[in-house]
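*Asks:* Here you go, sequence then predicted model.
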Amino acid sequence: MTSKILGLGVPELVIILVVVLLIFGPKNLPKLGASLGKTVKSLREGMAFDKKDDEEVEEI
């Protein structure tokens with residue numbers, strides 16, 4: 001049984017990781033990871049904020 005992450009198998013994820021390493025280089029990967037993490041965090045906060053707005057509108 002193989003594990004799937006976002007519909008991708010292990011070989012596909014390894015190829016993507018190698019391509020990212022070749023494009024950005026090992027020195028820039030921490031910066032890339034940090035900016036990606038901040039982006040995901042802000043998207044989640046925005047989605048949570050929208051949910052709160054929808055719930056408030058339904059209560060009125």
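*Replies:* Structure's in. What do you need?

*Asks:* Quick one: residues contacting residue 8.
*Replies:* residue 16 (Cβ atoms under 8 Å, 6 or more residues apart in numbering). The way it works is simple: take the backbone N, C-alpha and C, and place the C-beta from them, glycine included.

*Asks:* same thing but at 10 Å, please
*Replies:* Residue 8 is in contact with 14-16, counting by Cβ atoms under 10 Å, 6 or more residues apart in numbering.

*Asks:* do you know how far residue 29 is from residue 38?
*Replies:* From residue 29 across to residue 38, the span is 15 Å (Cβ to Cβ, to the nearest Å).

*Asks:* can you check residue 8 too?
*Replies:* To residue 38, residue 8 is 24 Å away according to Cβ to Cβ.

*Asks:* that older thread, report the buried members of the contacts of residue 8.
*Replies:* Neighbour counting with 16 or more other Cβ atoms under 10 Å marks none of the contacts of residue 8 as buried.

*Asks:* mind listing which of these are in helices?
*Replies:* Taking DSSP state H as the definition of helices, these contribute 14-16.

*Asks:* Make TSV from those residues and add pLDDT and distance to residue 43 to it.
*Replies:* Converted to TSV, these look like this (pLDDT from 0 to 100; distance: Cβ to Cβ, whole Å):
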residue	pLDDT	distance to residue 43
14	89	26
15	92	26
16	89	20
